[in-house]
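Colleague: I need the structure of the sequence given here:
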Amino acid sequence: MKIDGKMVLICDCEGSMPLDGAGLATAFDGDAPTVHTQLCRRQLAAVRNALGDGTPLLIACTQEAPLFDELRAETNPETALSVTNIRERARWSDEAAAATPKIAALLAEAALDIAPARALEIASRGVLLIYGRDETALEAAQRLAPRLDVTVLLRDPGDVAPPRVVEVPIFKGRIAAARGHFGAFELTIDDHASALPSSRAVLAFAAPRDGAISRCDLILDLTGDAALFPAADKRDGYVNPDPRDPAAVARALFDLADMVGDFEKPIYVDFSADLCAHGRNGKIGCTRCLDACPAGAIAPDGDHVAIDPMLCGGCGHCASVCPTGAAAHALPPGDAVYTRLRVLLSTYARAGGAAPLLLVHDSRHGEEMISLAARHGRGLPARVLPFALNEVTQVGFDLLAAALAHGAAQVRLLIGRRNRAEAETLAGQVAMIERVTGALGYGAGRVALIDEDDPVALADALHAVAPAAPIAASSFLPMGGKRMATLLALGHLHAEAPTPVDRVALDPGAPFGAVRVDIEGCTLCLSCVGACPTGALIDNPDRPMLRFREDACIQCGLCRVTCPEGVIALEPRIDFTAEAREAQVVHEEEPFACVRCGKPFGIRAAIERLTGQLADHPMFADDAAALERLRMCQDCRVVAHFADPQPMATRPRPPPRTTDDDLREREQAKARAMHERSKSNGGDTDG
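Modeller: As a prediction, the model looks like this:
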């Protein structure tokens, strides 16, 4: 069987899961596939033959992926090989008999070609700082010294016995500041002092000093204190196990021992500064990504923000809350997620599936939970479609709206102990989509979080979710970026809503809404137009006019903080009417015609108010011409100013004198003298 140009091999895993080849053929309008029984052993020749053909190959088995890859390297290394899991995710379930539509959907999704993630290169020389309090740190240093360049820093050491042989440098001190990343950490250490070689019963130290700087590639924190970095589990190269847990410490030592050499770090986020709405002209507007980032990888950088890819841990919060798409997922690319959703849900429906529940999970905790639920519990229900992401916390309002618009009846987001502390942002996105679906009559509970670390309890919880009424699916393509994809999804949900409404009010901070302008106080200075980063506020080059297009407004607030009159307010909401997609006139004034040439300039109300207020001012009270110039355009104002008598004018400055002037006057004086002598001699100039 082929799907999107890929040869697909399926296996019932020694009869442990029923496979309906005819049903799959119907889903893909092709011939019934061969249902193998033991592709990884007796029928391995089928894999070899498929690899030899050179056609890209998809095998529905992840357990034996290393064996298949080894066979590919021996048979035809140029053949593209991918694997997917239909056993734990579909067939090992109490509802296995009804899982054919789900299997078809999983195979179609796996057959997609997703661009590989880009990566940064990181070099580690193996310079390790062990930060501890007692002998635990010294023992860890002794184990790692043969593999790494180790230094020990003891914080407030008590009676620590000196080692018989000092294999690594030992210091005391307290880390006052920590920054940097894997391969380039920099620490500021106070109370820093080296251990004295004469230490006898307990370690003694030299005179301490503050402000010492230490640089290293790796940090092992065994103090048991709060982590040195925010979201420490996402800071590669920094490990802080509980020093009271020998197993955790042993795992940390095992991991650190291999962290020497050249590594690749995925680029999790693509950032476009020209789309960022953080600030304009020194005014701060949107701070959503700054507020959401748990790793401290985002910082203000002028009118936009800067994301440090070395510090980014890939949680995806920034991309999930960014209203413009300035921060976008790079692992996987944002459009790839939309494409996967559309293919998964549309294939499920085409194969006869109904009321799908999309289970969004991360690729570590979630996949392990699903596997264990299938092996030791009831497995996933047949209508539950697992959807893996790098991190479940990268889910935003746009993805949830797209999932429902593509036909998901319900969505569940699986979190657990590892990302529970970061679930607040995710919960906010869930609350916003629930507000919209509830207002449109779809009912409550369409989207929810599942906080579970017990795989059996997870399976039971999913089986307990009653199917919701189906939503008619749309096949729209996510064109135009995140904002457009979100608006397309919302438009479909509104069109199919049981009880459609024109507007849905949202909580402050939502990325949709209107701008309210107090017309009485607005002077049409248009500062708000210059500050608006998305073009939601628009002027008219031919008339004094302010227009507003609601579907472009992200509620960043830059117009509000920029307005000199303070007459702008934000109204978070979603407007489904046609007017929201067109520029509406907010404020318009008649232009003022120049009293000298008749050219329109300025605003009539503003000019009249200004001249009325200045009529009694000392500068204008006795000078009607000066007041009249305020009613002229800039060109006529200059002409009129210099045409009027200038009471303060002075006589022209004399031209500067030069040597030529002196020589000329000398010659003229000489000529006059000769002329006078000639007259006195009766015209005879020879005497």
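
Colleague: double-check that residue 171 belongs to a strand.
Modeller: Yes. Assessed by DSSP: H, G, I helix; E, B strand; the rest coil, residue 171 belongs to a strand.

Colleague: hey, where'd the helices end up in the stretch 201-350 of the chain?
Modeller: Taking DSSP state H, counting those that start in this stretch as the criterion, the stretch 201-350 of the chain carries its helices at 246-257, 288-292, 317-321, 334-350.

Colleague: tell me the most buried of the ones you listed?
Modeller: Highest mean neighbour count among those (mean count of other Cβ atoms under 10 Å): helix 317-321, with a mean of 27. Glycine gets a C-beta too; all of them are placed from N, C-alpha and C.

Colleague: and for that one, what's in contact with it?
Modeller: Contact with helix 317-321 is made by 269, 288-289, 292-294, 298, 307, 327-329, 334, 393-397, 399, 422, 425-426, 429, 511, as judged by Cβ atoms under 8 Å, 6 or more residues apart in numbering.

Colleague: what are the phi and psi angles of residue 310?
Modeller: Phi and psi for residue 310, reported as degrees, to the nearest 10, are phi -70, psi -30.

Colleague: that older thread, got a markdown table for the helices of the stretch 201-350 of the chain, with distance to residue 101 too?
Modeller: Conversion of these to a markdown table gives the following (distance: least, Cβ to Cβ, whole Å):
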| stretch | distance to residue 101 |
| --- | --- |
| helix 246-257 | 41 |
| helix 288-292 | 36 |
| helix 317-321 | 29 |
| helix 334-350 | 5 |
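
Colleague: make TSV out of those helices and add distance to residue 214 and mean pLDDT.
Modeller: Compiled in TSV, the helices of the stretch 201-350 of the chain are given as follows (distance: least, Cβ to Cβ, whole Å; pLDDT from 0 to 100):
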stretch	distance to residue 214	mean pLDDT
helix 246-257	17	96
helix 288-292	29	94
helix 317-321	30	94
helix 334-350	40	92
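
Colleague: tell me the buried residues in stretch 262-276?
Modeller: 263, 265, 266, 267, 268, 269, 270, 271, 275, 276 (16 or more other Cβ atoms under 10 Å).

Colleague: do you know how far the second one is from residue 171?
Modeller: Distance from residue 265 to residue 171, counting by Cβ to Cβ, to the nearest Å: 30 Å.

Colleague: ok, the first one next?
Modeller: Distance from residue 263 to residue 171, counting by Cβ to Cβ: 28 Å.

Colleague: where does pLDDT dip in this protein?
Modeller: Residue ranges of the chain with pLDDT under 70: 644-652, 682-687.

Colleague: list the contacts of stretch 354-363.
Modeller: Here stretch 354-363 has contacts from 341, 345, 348-349, 366-367, 369-370, 380-381, 383-392, 395, 403, 407-414, 419, 462, 465, 467-470, using Cβ under 8 Å, 6+ apart.

Colleague: can you tell me which of the buried residues of stretch 262-276 are in strands?
Modeller: 263, 265, 266, 269, 270, 271 (DSSP state E).

Colleague: could I get the residues you listed as TSV with distance to residue 4?
Modeller: Shown next, in TSV, are these (distance: Cβ to Cβ, whole Å):
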residue	distance to residue 4
263	33
265	31
266	25
269	28
270	26
271	31
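
Colleague: which one of these is nearest to residue 257?
Modeller: residue 263 (14.2 Å; Cβ to Cβ).

Colleague: pretty sure the closest one sits against residue 126.
Modeller: No. Using Cβ atoms under 8 Å, residue 263 is not in contact with residue 126; the gap is 11.8 Å.

Colleague: wait, doesn't residue 536 sit right on residue 552?
Modeller: Yes. The criterion here is Cβ under 8 Å, and residue 536 meets it with residue 552 at 4.0 Å.

Colleague: which one's more surrounded, those two?
Modeller: Between residue 536 and residue 552, counting by other Cβ atoms under 10 Å, residue 536 is the more crowded of the two (23 against 19).

Colleague: quick one: contacts for that one?
Modeller: If you count contacts by Cβ under 8 Å, 6+ apart, residue 536 has them with 515, 548, 549, 550, 552, 553, 554.

Colleague: what is the burial count for the residue lying closest to the second one once chain neighbours are set aside?
Modeller: Counting by Cβ to Cβ, 6 or more residues apart in numbering, the nearest residue to residue 548 once its immediate chain neighbours are dropped is residue 586, at 5.0 Å. The criterion is other Cβ under 10 Å. On that basis, residue 586 has 20 neighbouring residues.

Colleague: and if you look at the one 5 residues further on?
Modeller: Here the neighbour count serves as a burial measure; for residue 591 (other Cβ under 10 Å) it reads 16.

Colleague: from residue 545, how far out is it?
Modeller: 10 Å.

Colleague: likewise for residue 311?
Modeller: Where residue 545 is concerned, residue 311 sits at a distance of 45 Å (Cβ to Cβ).

Colleague: higher neighbour count, those two?
Modeller: residue 311 (22 against 19).

Colleague: tell me the contacts of the closest residue to the more buried one other than its chain neighbours?
Modeller: Spatially, and ignoring its direct neighbours in sequence, residue 311 is nearest to residue 297 (3.8 Å; Cβ to Cβ, 6+ apart). Contact analysis of residue 297 by Cβ under 8 Å, 6+ apart lists 307, 308, 309, 311, 312, 313.

Colleague: swap in residue 395?
Modeller: Residue 395 neighbours (Cβ under 8 Å, 6+ apart): 316, 320, 360, 389, 413, 426, 429.

Colleague: and with 7 Å instead?
Modeller: 320, 360, 413, 426, 429 (Cβ atoms under 7 Å, 6 or more residues apart in numbering).

Colleague: so which of the contacts of helix 317-321 belong to strands?
Modeller: Counting by DSSP E, the contacts of helix 317-321 place 269, 298, 307, 327, 328, 329 in strands.

Colleague: any idea how far residue 124 is from residue 238?
Modeller: 12 Å.

Colleague: distance of residue 438 from residue 410?
Modeller: 14 Å.

Colleague: the two - which one has more neighbours?
Modeller: residue 410 (22 against 14).

Colleague: what's the closest non-adjacent residue to the more buried one?
Modeller: residue 357 is the one closest to residue 410 (Cβ to Cβ, 6+ apart), at 4.5 Å.

Colleague: ok, what's across the strand from the one you found?
Modeller: residue 384, residue 410 (DSSP bridges).

Colleague: that one: how many residues sit nearby?
Modeller: 19.
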